[in-house]
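# I'd like to go over a predicted model; first the sequence, then the structure.
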Amino acid sequence: MNTKDFDYFLPPALIAQHPSERRDESRMMCIDKASGALQHRHFRDILTVLRPGDCLVINDSKVLPARLHGQLTLNNSANGAPIELLLLNDLGNNGADSPQNVAYWECLTRPGKRAREGARFVFGDGLLHGEVVKVREDGNREICFTYEGAFMEILDALGEMPLPPYITEKLTDKSRYQTVYAREPGSAAAPTAGLHFTPELLDEVRALGAAVAPITLHVGLGTFRPVKAERVEEHHMHSERYHISPQSAELIARTKANGGRVIAVGTTCCRTLEASGGKAGGGETDIFIYPGCKFRVIDGLLTNFHLPQSTLIMLVSALLGREQTLAAYAEAVREEYRFFSFGDCMLIT
C-alpha cells in the first residue's frame, strides 16, 4: 500500500486559522459506514445521531503550554543567542535523590546547534533554567530544568501553546486549544475532535442516556509527523502514554455487552481503545492503524479532517475504506468545510 494512495487536493484557504466563535457551531459531515449515506449537518446535531446506551469515549489529556523561548547562557548570564524548546515527554526528576525543584524533559530544540550537551539556557528573566544533559539518537534533547516554585505554574506563565505549523495566526485565548474536559497535563498537541464540545452539550448527551467515558492519551508530535516511507507498512509510530480507569473500562464493557455503540472522540481515543482492548490500565502504545487493520472495540468515530498522506487519514480509511474516505474529503472540499485542528468534523457510525 503506497503512502501516495492517501493524497488529496486541499485549497490552502480551507485550512482553519482560528477556532469558530462557538465550539459547537462547527459543521459535521455524518457518514453511515455500512450504506455510505452522507449528510451535511452541524455539531449540535450529534444529539440526534447518538442513541440511549451508546458510549462516547473522550480524551481528557491537557495540552501543555510547552513552547518556551529563552536565551543561551554563558557563565550564568544570558548572551542573547535565542533558543526555542518544545517539551515532549516528562522524564520525572531523575531519581529520589534529585533536588525537589528539578524536572527532566525530552525536548525538541531550535536551533539544534545551540543545544549541545552541557549547553545552558535561561527563560523568563531567570524564572526557569535548563541544561542539556543528553543528546538522543533521534536528535531530541534531554534537558534538566531548575526553578523555584511550581513547575506547571511557571510553564503556564512562560509557555506558549504549541500550535501546528499550518496555523499561522496567533491564538489569543489559550483555552480554545483545550477541550472543556481537559484534566491530565501531558500533551504536546490537542485531541482536536473534542474541541467541539461544550459542558452543556455533554450534559445533554448524558441526559439522552448515552455514557461519557474519559480516558487519557498524552498526544505526542509523532502522531503528526509525516509518513516518509513510500510504503505505508514501513512507517513506525512514536510511543504515547495512555491510561484507562476501571470506571471507564466498565462503562465501555457494559456498552458492548448491551449492544450499544462505542464512539471514539478522536483518533487518540481510537488508538488507545484498540491498543488496550478497552481494558483498564496504562502503558505506552505505538499502534499504527491503517486499512486492513481490524477494529476490536470502537463502532464509530468523531474526527476532524486530516492532512493528506498522514497516519490520521489512514486510520479513518481503515474504518471507512480508502475510496469512501477520499470521496468524503472531496465532498468536504466542494462544500468548503474548514480543515484540520480548528476546523469542522466528521462523524462515522
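On my side now, so go ahead.

# Now do the domain split for this protein, please.
3-63+172-348, 67-158 (automatic domain parsing).

# With respect to residue 164, which of the ones you listed lies nearest?
In terms of C-beta to C-beta, the element of the domains of the chain nearest to residue 164 is domain 3-63+172-348, at 5.8 Å. C-beta here means a position set from N, CA and C on the backbone, and glycine is covered the same way.

# now the closest one: how far from the chain's centre is it?
Distance of domain 3-63+172-348 from its chain centroid, counting by C-alpha atoms, centre = their mean, to the nearest Å, is 9 Å.

# With stretch 100-108 instead?
Its chain's C-alpha centre and that of stretch 100-108 lie 21 Å apart, by C-alpha atoms, centre = their mean.

# which of the domains of the chain sits most buried?
Ranked by mean neighbour count under mean count of other C-beta atoms under 10 Å, the domains of the chain are led by domain 3-63+172-348, which reaches a mean of 18.

# mean pLDDT lowest for which of the domains of the chain?
Mean pLDDT values for the domains of the chain show the minimum at domain 67-158, a mean of 88.

# Pull up the distance across it, start to finish.
Across domain 67-158, the terminal residues are separated by 9 Å (C-alpha to C-alpha, to the nearest Å).

# re earlier: could you export the domains of the chain as a markdown table, including distance to residue 166?
What follows is these, written out as a markdown table (distance: least, C-beta to C-beta, whole Å):
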| stretch | distance to residue 166 |
| --- | --- |
| domain 3-63+172-348 | 5 |
| domain 67-158 | 16 |
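
# List just the one of those domains that sits closest to residue 165.
With C-beta to C-beta, the closest approach to residue 165 among the domains of the chain belongs to domain 3-63+172-348: 9.5 Å.

# Any figure for the gap between the closest residue to residue 192 other than its chain neighbours and residue 334?
Nearest non-adjacent residue to residue 192, counting by C-beta to C-beta, 6 or more residues apart in numbering: residue 341, 4.6 Å away. Remark: distance between residue 341 and residue 334 (C-beta to C-beta, to the nearest Å) = 21 Å.

# Kindly report the same for residue 274.
31 Å.

# ok now do the residue nearest the centre of the chain, which residues does it touch?
The centre of the chain sits closest to residue 191, judged by C-alpha atoms, centre = their mean, with a distance of 3.5 Å. Residue 191 makes contact with 59, 61, 179, 217, 219, 265, 266, 268, 269, according to C-beta atoms under 8 Å, 6 or more residues apart in numbering.

# which SSE is residue 251 in?
For residue 251, the host element (DSSP states H and E) is helix 246-257.

# Kindly spell out which helices and strands sit in contact with that helix.
When contacts are defined as 3 or more C-beta pairs under 8 Å, 6 or more residues apart in numbering; DSSP states H and E, helix 246-257 packs onto strand 55-59, strand 211-217, strand 262-265.

# okay, these in CSV with distance to residue 233 next?
Below are the helices and strands packed on helix 246-257 laid out as CSV (distance: least, C-beta to C-beta, whole Å):
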stretch, distance to residue 233
strand 55-59, 27
strand 211-217, 23
strand 262-265, 23
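
# Now for residue 160: which residues touch it?
Taking C-beta under 8 Å, 6+ apart, we find residue 160 in contact with 65, 67, 68, 69.

# Those residues in strands, which ones?
67, 68, 69 (DSSP state E).
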